[in-house]
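1. model this:
(2 chains)
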There are 2 protein chains.
Amino acid sequence: MASSTVSFIIIIIITTVLLPSLSSQLSDLFPSNNPPPFLGKHSHPIKQPNHHQQYRYETRYFSQPLDHFSFLDLPRFRQRYLINTEHWVGPSRSGPIFLYCGNEGDIEWFAVNTGFVWDIAPRFGAMILFPEHRYYGDSMPFGSKEEAYRNATTLSYLTAEQALADFAVLITDLKKNLSAEGCPVVLFGGSYGGMLAAWMRLKYPHVAVGALASSAPILQFEDIVPPETFYNIVSNSFKRESSSCFDTIKNSWNALRSEGQKEDGLKQLSKTFHLCRELTSVQGLSDWLDSAYSYLAMVNYPYPSNFLMPLPGHPIREVCKRIDGSPAGSSILERIFNGVSVYYNYTGEVDCFQLDDDPHGMDGWNWQACTEMVMPMSSDQNTSMFPAYDWDYSAFREGCQRDFQVTPRPRWITTEFGGHDIEHVLKSFGSNIIFSNGLLDPWSGGSVLKNISETIIALITKEGAHHIDLRASSTEDPDWLVEQRATEIKLIQERA
Amino acid sequence: MASSTVSFIIIIIITTVLLPSLSSQLSDLFPSNNPPPFLGKHSHPIKQPNHHQQYRYETRYFSQPLDHFSFLDLPRFRQRYLINTEHWVGPSRSGPIFLYCGNEGDIEWFAVNTGFVWDIAPRFGAMILFPEHRYYGDSMPFGSKEEAYRNATTLSYLTAEQALADFAVLITDLKKNLSAEGCPVVLFGGSYGGMLAAWMRLKYPHVAVGALASSAPILQFEDIVPPETFYNIVSNSFKRESSSCFDTIKNSWNALRSEGQKEDGLKQLSKTFHLCRELTSVQGLSDWLDSAYSYLAMVNYPYPSNFLMPLPGHPIREVCKRIDGSPAGSSILERIFNGVSVYYNYTGEVDCFQLDDDPHGMDGWNWQACTEMVMPMSSDQNTSMFPAYDWDYSAFREGCQRDFQVTPRPRWITTEFGGHDIEHVLKSFGSNIIFSNGLLDPWSGGSVLKNISETIIALITKEGAHHIDLRASSTEDPDWLVEQRATEIKLIQERA
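-> Below is the predicted model of the structure:
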């Protein structure tokens, strides 16, 4: 696998946000009624030439039914999975199987960004499996992405339940073929993949003995957590670094709107923000900024990283330094530009910025967000640095009907997987799930942050961001991260 | 609801066995490669004119998605459910909701034959709900049974997973409308309905706090229990009453074959067995006998009952009395006829017997048996009184392909719901399930017969038959049954 190919695929598959098409109707204050997807269009994983040397795996394909829950005579599809057995001690010694629940993207990207699994497999004598999520990467029904994403009918089998069944069928078959039925399966997952890991442990306890669900916002549905949660956490991450930085961003939206309304305003904005093409509305720019702040909060790691973008350590601190430290006399929008350049241009290689302004891209996560994964989002005018916005399900639904010809089922996820009263429910049912969260991560607000029982554990790190614990260990790891991983290893050892 | 209508519907919907079409290819020894379905074509529930007075309920309908697990734009269907709230103490007092998981038949039939739920609801202050299983009774997709059962495409959504999701969606919606989110749901179910109750507790622990799964053979799949189990239990139930009765039945199959091969043999058999129409092969007769023995074992209750047929108490004892006590000089087949007449004609009202010989009926349970519910069955020549037969999956599959144009997924149920190593799996996961079984019931062999944990309990009764504990209490109840129900009530009280 050439890593350039990988990166190329990633860029192709990353999702576009639904915002532009919807929010333009809602207000001219650039509100967001959707959070950035876990992997958004404004994330650009860079080439990582060493990874295919660092992690060795075989790429295989498994024939899956397109629909596990009906007996329609449908074409099967090839699910890709990556496998490494070099450390596996095999069935005779009950060697565990570490299965990473592939999420909304090319599985190779997750494989190389989930160093934790690779790091710990040798000491467990574990097999490593990275099955890809259907409709992403190289696991396309109907033979190609073009066909799979053609319309609502071909996309209709892109659901979490089908993906979990894919994992269950694959691992059951694989274990049988290896006479490894007695080998325990431990699930791993981050972000949406973490949700899948937790749900899989709940729905398929006979398939997997436990799960590490990192940054998994399984409570970000319906009315379980307040809809302001996400943007409040992003905002707090900025405020915590600098209240003037927070204020500048909060005030910038009006500045942006005023500028946009001026004659030649869009031209001027395009110039200020070094855009390659002139803006046709302020909306695209607003979304571009919104995404940067949200992603910065997600990857606000304490050391340099390149998960979504090449970034310095503590990137929000860096952004605020540039916003606060812009030359005296800088306009508010110039300050903002200096700040977000940390996210979009840390390497300094970008001459001008491309705003992806295709709001109707039939991309996977948008489909999922418009069907099952309905995560209500608001922005509170008192606590958020983003434009005020109240979650408007009707407008959201109309957008989905227009863009995908599909009607969301906003209550389905909690009906199928639960979430309400989760402490009480899981206390008497379920076991062996670690919910790990960094409180800098805006998705942490929708995750499980309290121990539920002796074996359903919440590991919280105050300084952690989006599934940092799943990343490869490095010499730059702070003590709390080293400790967190040690605890995770201990918990896994007790079960696997 | 007129009870005559109910009975009529029951007779219409009861399933036909797949045997005739398959076994004729396999051997001329009349083997069975399928057990009788839970509700077979040879069960004829009689009119029960008092039941609609005995149990009062309202009949309602709920709009369900045909497919919960995809976003195909499909027509919704009306799921029927029966509801009684007269004893419910309501949300303010956390009144429990007793939900019977409707199985493969008209829900009114299960409602009137599940007296236990009605008997105990008042003392719990419980609401009673009997949702019907999709594709049965009055809950037909596409508007009618004719349309729903038209072909493999229209039938394709007749699966246990979809039925469980129906229950989950219905109860979630109902509770929300009643502001009764805090009210515990307790599941009940017998036979296939018992399987659904157990699986629902495992898959939807956030929806239901516990389940009483009576006579639920959740282990009758793949290689979990030996395939001879079912017919061995039937056979033992006869041997236990009389070894000569057992021997007569065991020897009758050859007598049947010999007679059938004679010139005018079919005519003579038709006469011996008082058939209304002359046999065209011995297969139909063989299946008719096979079903009688199997159903007798299922409903071998210690008191007169009319669940499948009007029968005396200890009906197998009665059958064997007639077989053993036939006039001296009676032929083996005459003895057999005298015996099975207990099952088919206990009231003495039948002048001649109709053998349903439509082997291709597109009936619901046969579809389910040909898709998910693949239960391997053999008949051991040493221990069974039935013709010897080794389970032949290939022949079974071919029969399903021929009859339904569908290919079974024999390993799907264990992948989706588990079953292998169930003690170990459920010990650390799951809670609050009672598996109740009577050891006279041939389905008990495929159920859970050992306590798994402190809250996953097996209640075994030596003299019990197919879900007798779910029947209404009566003055004829033996002590062990009274005690069993008291234990069940106590266990439910601890959780609900």
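
2. Report the helix or strand with the lowest average pLDDT across chain A.
-> Least confident helix or strand of chain A, by mean pLDDT, DSSP states H and E, is helix A:19-26 with a mean of 34.

3. Now do the SS call for the residue lying closest to A:Ala111 once chain neighbours are set aside.
-> Sequence neighbours aside, A:Phe130 is the residue nearest to A:Ala111 in space, at 4.6 Å (criterion: Cβ to Cβ, 6 or more residues apart in numbering or on different chains). In short, each C-beta sits where N, CA and C put it, glycine included. Three-state call for A:Phe130 (DSSP: H, G, I helix; E, B strand; the rest coil): strand.

4. I'd like to know how far A:Phe130 sits from chain B.
-> Taking Cβ to the nearest Cβ, to the nearest Å as the measure, A:Phe130 falls 20 Å from chain B.

5. and A:Arg485, what element?
-> A:Arg485 belongs to helix A:479-495 when elements are defined using DSSP states H and E.

6. show me what contacts whichever residue of the stretch 151-300 of chain A sits closest to chain B?
-> Using Cβ to the nearest Cβ, the closest approach of the stretch 151-300 of chain A to chain B is made by A:His206 at 3.0 Å. For A:His206, the contact set (Cβ atoms under 8 Å, 6 or more residues apart in numbering or on different chains) comprises B:414, B:417-422, B:425.

7. Buried ones among those?
-> With burial judged by 16 or more other Cβ atoms under 10 Å in any protein chain shown, the buried subset of the contacts of A:His206 is B:414, B:417-420, B:422, B:425.

8. Could you export those as JSON lines, including pLDDT?
-> Formatted as JSON lines, the buried ones among the contacts of A:His206 follow (pLDDT from 0 to 100):
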{"residue": "B:Thr414", "pLDDT": "98"}
{"residue": "B:Phe417", "pLDDT": "97"}
{"residue": "B:Gly418", "pLDDT": "97"}
{"residue": "B:Gly419", "pLDDT": "96"}
{"residue": "B:His420", "pLDDT": "96"}
{"residue": "B:Ile422", "pLDDT": "93"}
{"residue": "B:Val425", "pLDDT": "90"}
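
9. Can you tell me which of those lies closest to A:Glu241?
-> Lowest distance from A:Glu241 to these (Cβ to Cβ) belongs to B:Val425, with 47.5 Å.

10. In three-state terms, how would the nearest residue to the closest one once chain neighbours are set aside be classified?
-> Sequence neighbours aside, A:His206 is the residue nearest to B:Val425 in space, at 4.6 Å (criterion: Cβ to Cβ, 6+ apart). Assigned with three-state DSSP, A:His206 falls in the coil class.

11. So which residues of the stretch 51-200 of chain A form helices?
-> A:51-54, A:107-112, A:115-124, A:145-148, A:152-155, A:160-177, A:192-203 (DSSP state H, counting those that start in this stretch).

12. likewise the stretch 251-400 of chain A?
-> With DSSP H, counting those that start in this stretch as the criterion, the stretch 251-400 of chain A has helices at A:265-272, A:282-298, A:315-324, A:332-344, A:364-369, A:393-404.

13. Which ones among the buried ones among the contacts of A:His206 map onto strands?
-> Among those, no member falls in strands (DSSP state E).

14. right, so the helices of the stretch 51-200 of chain A: which one is the most enclosed?
-> Stretch with highest mean neighbour count among the helices of the stretch 51-200 of chain A: helix A:192-203 (a mean of 28; mean count of other Cβ atoms under 10 Å in any protein chain shown).

15. how about that helix, does it get close to chain B?
-> Yes - contact of helix A:192-203 with chain B (Cβ under 8 Å from any Cβ of the partner chain) involves A:202-203.

16. Likewise for stretch A:216-231?
-> No - Stretch A:216-231 lies out of reach of chain B by Cβ under 8 Å from any Cβ, never closer than 10.4 Å.

17. So which bits of that stretch are buried?
-> A:216-222, A:224-225, A:227-231.

18. again with stretch A:178-195
-> Result for stretch A:178-195 [16+ other Cβ under 10 Å]: buried residues A:178, A:180, A:183-195.

19. Number of residues surrounding the residue nearest to A:Ala111?
-> By other Cβ atoms under 10 Å in any protein chain shown, the residues close to A:Phe130 number 26.

20. Ok, A:Leu275 next?
-> Neighbour number of A:Leu275 under other Cβ under 10 Å is 18.

21. which ones are touching it?
-> A:269, A:285, A:352-355.

22. cool, A:Gly210 as well?
-> Residues counted as contacts of A:Gly210 (Cβ under 8 Å, 6+ apart) are A:184, A:186-187, A:201, A:431-434, A:455, A:491-492, A:495-496.

23. let's go with 7 Å and repeat that
-> A:186-187, A:201, A:432-433, A:492, A:495-496 (Cβ atoms under 7 Å, 6 or more residues apart in numbering or on different chains).

24. Out of those, the closest to B:Asp106 would be?
-> A:Arg201 (37.7 Å).

25. Apart from its chain neighbours, what residue comes closest to that closest one?
-> Nearest residue to A:Arg201, sequence neighbours excluded (Cβ to Cβ, 6+ apart): A:Ala211, at 3.9 Å.

26. quick check, stretch A:412-421 touching chain B?
-> Yes - part of stretch A:412-421 sits close enough to chain B to count as contact by Cβ under 7 Å from any Cβ of the partner chain, namely A:415, A:418, A:420.

27. Isn't A:Gln64 up against A:Asp166?
-> Yes - counting by Cβ atoms under 7 Å, A:Gln64 does reach A:Asp166; the two are 5.3 Å apart.

28. Overlap of the contact sets of the two?
-> Residues touching both A:Gln64 and A:Asp166 (Cβ under 7 Å, 6+ apart) are A:Gln79.

29. Show me which residues of the stretch 351-496 of chain A are close to chain B?
-> A:371, A:406, A:415, A:418, A:420, A:425, A:428-431.

30. Quick one, which of those residues are buried?
-> A:371, A:406, A:415, A:418, A:420, A:425, A:429-431.

31. Those: which two are farthest apart?
-> Farthest pair in these, by Cβ to Cβ: A:Val406 and A:Ser431, 35.9 Å.

32. for chain B, what are the nearby residues on the stretch 51-200 of chain A?
-> Within the stretch 51-200 of chain A, the positions near chain B by Cβ under 7 Å from any Cβ are A:67, A:69-73, A:152-153, A:156-157, A:159, A:161-162, A:168-169, A:172.

33. quick check, nearest of the buried residues of stretch A:216-231 to A:Leu459?
-> So of those, ranked by how close each gets to A:Leu459 (Cβ to Cβ), first place is A:Ala216, at 12.0 Å.

34. I'd like the distance between the closest residue to that closest one other than its chain neighbours and A:Ala213.
-> In space, A:Ala216 comes closest to A:Gly194 once its chain neighbours are excluded; the distance is 3.0 Å by Cβ to Cβ, 6+ apart. Look at A:Gly194 and A:Ala213: by Cβ to Cβ, to the nearest Å, they are 4 Å apart.

35. if I look at A:Pro91, how far off is A:Cys183?
-> 6 Å.

36. With A:Ile456 instead?
-> 23 Å.

37. Nearest to chain B within the stretch 301-450 of chain A, name that residue for me.
-> Nearest residue of the stretch 301-450 of chain A to chain B (Cβ to the nearest Cβ) works out as A:Gly418 at 3.0 Å.

38. ok so, going back, mind picking the two most distant members of the contacts of A:Leu275?
-> A:Leu269 and A:Gln354 (15.1 Å).

39. Which one's more surrounded, these two?
-> The neighbour count for A:Leu269 versus A:Gln354, taken as other Cβ under 10 Å, is higher for A:Leu269 (21 against 11).
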